[in-house]
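[1] Have a look; sequence and predicted model below, questions after that.
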Amino acid sequence: MHIIFHEKGLLDTEVVLLIMDLKNSLKNNKQNSILLLAEIVSFGKNMDGESKVIIEELFSMLELDNFAMKILDEGSWVAKVLCIQNLSLFKVAASFDLILNFIDDENSFIRDESQLAAIKIGEENALNFVYDLKSDLSEWQQIRLIESLRKLKFPLVPDYKRWFGSQNKSVILFGFKVIVTFNHFDGLIHLKKFFNHEDEQVTIQLLQAIKSMQVPFFNTDVIALIGRSESKIKIKAIRTLAVTFNEEDFEIAQFLNSNDHDLFFEGVKFCQINLKEEVEKLINNVETEEWKLKILEHSGDRRIN
Amino acid sequence: MIEESIEQKILYLLSDIFHYGILFYAMFVMASYMILAFTSIKVAGTYKKENRFIDYRDILNSSLAPAVTLIAPAYNEGASIIENVKSLLAIYYTNFEVLIINDGSRDDTLEKLISAYELELVPFAIDYKIPTKEVRGIYKSKNPAFYNLVVVDKVNGGKADALNVGINVSSKDFIICIDVDCVLEQDAILKLMKPQLQNKKRVIATGGVIRVANSCKIQSGKLTEVSVPKNFLARIQVLEYFRAFLLGRIAWNKIDGLLLISGALGVFDKEIAIKVGGYDHNTVGEDMELVVRMRRYMCENKLPHKVEFIPDPLCWTEVPEDLNILGRQRNRWTRGTIETLITHKKMFLRKEYGIIGWLSMPYWFLFEWLAPLIEAVGIIFFIFLAVIGSINWPFALGLLLMVYCFSLCFSVLALLIEELTYHQYKNKTDVFKFIAVALIEPIIYHPFIIYSAIRGNIDFIRGKSSWGDMTRKGFKTDVK
């Protein structure tokens, strides 16, 4: 298949006739149509401006949008993914409802591409599907969805409040990322209920979100988490508090007196960030253990987590 | 009728045991290789098909991508350290730091780094989670362009100790341990981190395909042209690596039985690496031993996990071109295998360790450790039987021919898969160069490998623990 374009980027009569011939030959040749879709996606996603307009015209004139929507019903997984990619590349609005049928597909490639397509085509309805998702949103897919949101001409902040009521843990974690990505301080109030979540991963990512946004609203709750037995949560909480600390009633000495290496280390870092005098006092105290002194010696560490 | 003496009867019996024993062992090895090969081919094909839909650029610029530390031990690398570090700093990834561990180099490795990258000594609180030799100082760059470069100067302690220092100093959740003179593909980290982000189970280690960089052109730390090595030994090793990675490891990964992530490049979950105590400096096979220990830990604590392998060339490394150095390398690999299998012998045939216990470890024992020994014994016994006139010549020659043809076909299959999947050797004559090597390899190269493995066994028994001198020539670099 050899397509010739007019040098100014517009299709002239000769070319249009060529395309019509091509269209007729593709009518009964599913394989070639799929190959053409693969080529279009490969070129189209790296193009912009007039070049992309030409590709779009070609796509439309060859009625590949109708073909792609037809394949979504009956094709192999490879064909379906190619079709979804094409439909989202050219924002075929008519395909939006059809694509939504695949957002929970058992094939992860179809599922992921249809979710991305829903953002690109759906615009203001972009992430309405998230609350109802039954399948897991992997970390990879969460990142892709957020990057897709960012690339929209007018990045939309989805209505994530509903997501925090989901039974799907990955939806909750995705909500945290959305709040952080769009600096949505208004959304933070919805996070309070997750401080005592049963899942350690949810608590840790919650702390990460609070730390990223450096908000002191939840310092009391973060301090309470330090009392938890899980060391991962304890350490994450101390690190969060190190950047959100606002002179609350918080006894840092409990960590500087600790014989737990991890807690002492985190306590020292906390003091460094918050310019606490406790570090100097410990260095000057003859009773301070040697292993603590070694850490304190280098506590002017410029690289603090 | 002449009655056979008892001695003759015993001799005939031994001869039969030898002939049929060798035959069955050989057939078992060949059958297992074919199963692994076809499984690998299927998985590699699926990966290629699926990978065309993955746009790694989505993750490339994202601040949400997980942070990683690249840990590269360096010992006497003064000749090429600047270019090597440049190559690492140029990798496509958003959130990573490069940790060069100067392991007590006696040359000017540290001085060159300090000068080239404007380094200065900085106060640094190290969390000594894993005991290591003393750290003399930590350097960071005054130049913001190298903000993610950290150089650690330490007392010499060997590769394992250097990696453990890296683990202690790392501030990220994932560590990538590499050889400092390896050239990574630009998107290597992206591909290595994908399993971490996608798998439902905790991925504790990930590796990828390693390629031979000898005679390839490297420019500004990037691979610009792939060439068949001019050196014959290196050329044979290309074929070896094809077979090992394209027809072996991919299959082991598919059944979750992978015991080994190459020491040249591997991603590890730092938390688990620390929990198991980091690299063991009492073994010369520290890469394999760490993976087995991490798997053991996860199994014993009933924690769902996975070790992943990316069927994509991610890293290019220099292989020995000198017989002595090659011999030392294979000797060390043998000792490393033996040490790991013995250290973790508890896992053998135990259900609680899953496929690692009941398949991978016995397989490595029978067909990686014992194979060279059985082959050597076979050769000796063959000579003995030939001398006393008890050899069944048609049988013996037939077996030899069968093994030779299998070896040739297996190499050609590996070559074919490489051509169909990655096609990294573009010249039309390259295939013929490799086929020529495949014809000679079983006759010339293989006996040397067996000999090195036997030496490895002997050195293990004698308690040898050193690496030996592994001199590298450095890459051919285009300088404009």
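    Thanks, I have it. Numbering: from 1, shown residues only, chains lettered A, B, ... in the order given.
[2] residue boundaries of the strands in chain B?
    Along chain B, counting by DSSP state E, strands occupy B:68-74, B:96-103, B:119-121, B:135-141, B:149-154, B:174-178, B:183-184, B:202-212, B:217-219, B:222-225, B:265-269, B:305-317, B:476-477.
[3] In a markdown table: the ones you listed, plus distance to B:I391 and mean pLDDT.
    Backbone N, C-alpha and C define where each C-beta goes, glycine included. Output for the strands of chain B, formatted as a markdown table (distance: least, Cβ to Cβ, whole Å; pLDDT from 0 to 100):
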| stretch | distance to B:I391 | mean pLDDT |
| --- | --- | --- |
| strand B:68-74 | 51 | 96 |
| strand B:96-103 | 52 | 96 |
| strand B:119-121 | 67 | 94 |
| strand B:135-141 | 62 | 93 |
| strand B:149-154 | 58 | 96 |
| strand B:174-178 | 49 | 95 |
| strand B:183-184 | 50 | 90 |
| strand B:202-212 | 39 | 95 |
| strand B:217-219 | 51 | 85 |
| strand B:222-225 | 50 | 87 |
| strand B:265-269 | 46 | 95 |
| strand B:305-317 | 43 | 92 |
| strand B:476-477 | 49 | 46 |
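[4] Let's have those strands in a markdown table, adding mean neighbour count and distance to A:L152.
    Below are these laid out as a markdown table (neighbours: other Cβ atoms under 10 Å in any protein chain shown; distance: least, Cβ to Cβ, whole Å):
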| stretch | mean neighbour count | distance to A:L152 |
| --- | --- | --- |
| strand B:68-74 | 25 | 29 |
| strand B:96-103 | 25 | 28 |
| strand B:119-121 | 16 | 42 |
| strand B:135-141 | 19 | 37 |
| strand B:149-154 | 24 | 35 |
| strand B:174-178 | 25 | 30 |
| strand B:183-184 | 24 | 33 |
| strand B:202-212 | 24 | 31 |
| strand B:217-219 | 17 | 38 |
| strand B:222-225 | 15 | 34 |
| strand B:265-269 | 25 | 32 |
| strand B:305-317 | 22 | 31 |
| strand B:476-477 | 14 | 44 |
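[5] Now render those as CSV, adding distance to B:L110.
    Below are these laid out as CSV (distance: least, Cβ to Cβ, whole Å):
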stretch, distance to B:L110
strand B:68-74, 9
strand B:96-103, 5
strand B:119-121, 9
strand B:135-141, 8
strand B:149-154, 6
strand B:174-178, 19
strand B:183-184, 22
strand B:202-212, 28
strand B:217-219, 23
strand B:222-225, 25
strand B:265-269, 24
strand B:305-317, 23
strand B:476-477, 21
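[6] As a markdown table, those with distance to chain A would be great.
    Shown next, in a markdown table, are these (distance: least, Cβ to the nearest Cβ, whole Å):
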| stretch | distance to chain A |
| --- | --- |
| strand B:68-74 | 12 |
| strand B:96-103 | 9 |
| strand B:119-121 | 11 |
| strand B:135-141 | 7 |
| strand B:149-154 | 8 |
| strand B:174-178 | 12 |
| strand B:183-184 | 20 |
| strand B:202-212 | 11 |
| strand B:217-219 | 24 |
| strand B:222-225 | 21 |
| strand B:265-269 | 13 |
| strand B:305-317 | 13 |
| strand B:476-477 | 31 |
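[7] Out of these, which is closest to A:I40?
    The closest of those to A:I40 is strand B:305-317. By Cβ to Cβ, the value is 25.4 Å.
[8] ok so, going back, so which of the strands of chain B gets nearest B:T46?
    strand B:305-317 (9.1 Å).
[9] With only the CA atoms kept, save the closest one in CSV.
    Extracted in CSV, the C-alpha atoms of strand B:305-317 (Å, rounded to 0.1, in the frame of the first residue of the first chain):
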residue,chain,number,x,y,z
HIS,B,305,6.6,-13.1,45.4
LYS,B,306,8.0,-13.3,41.9
VAL,B,307,11.4,-13.1,40.3
GLU,B,308,11.0,-11.6,36.8
PHE,B,309,13.1,-11.8,33.7
ILE,B,310,12.7,-9.4,30.8
PRO,B,311,13.2,-11.2,27.4
ASP,B,312,14.8,-8.0,26.0
PRO,B,313,18.4,-7.1,25.6
LEU,B,314,19.0,-4.5,28.3
CYS,B,315,22.8,-4.6,28.9
TRP,B,316,26.0,-5.0,26.9
THR,B,317,29.1,-6.4,28.7
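[10] just checking, what packs against it?
    When contacts are defined as 3 or more Cβ pairs under 8 Å, 6 or more residues apart in numbering or on different chains; DSSP states H and E, strand B:305-317 packs onto helix B:6-51, strand B:183-184, helix B:188-198, strand B:202-212, helix B:250-254, helix B:286-300.
[11] anything in stretch A:13-33 near chain B?
    No: on the criterion Cβ under 8 Å from any Cβ of the partner chain, stretch A:13-33 is out of touch with chain B, staying 15.7 Å away.
[12] can you list the residues of the stretch 151-300 of chain B near chain A?
    Checking the stretch 151-300 of chain B against chain A by Cβ under 8 Å from any Cβ, the hits are B:S171, B:K194, B:Q196, B:L197, B:Q198, B:N199, B:K200.
[13] so what's the fourth one up against?
    Taking Cβ atoms under 8 Å, 6 or more residues apart in numbering or on different chains, we find B:L197 in contact with A:S138, A:E139, A:W140, A:I143, B:I59, B:P66.
[14] quick one: pLDDT of residue 168?
    You didn't pick a chain, so chain A it is. The per-residue pLDDT reported for A:N168 equals 91.
[15] hmm, I had chain B in mind actually
    Confidence score, pLDDT, at B:N168: 93.
[16] which bits of the stretch 101-250 of chain A sit near chain B?
    Residues of the stretch 101-250 of chain A found near chain B (Cβ under 8 Å from any Cβ) are A:109, A:113, A:136, A:138-144, A:146-148, A:177, A:181.
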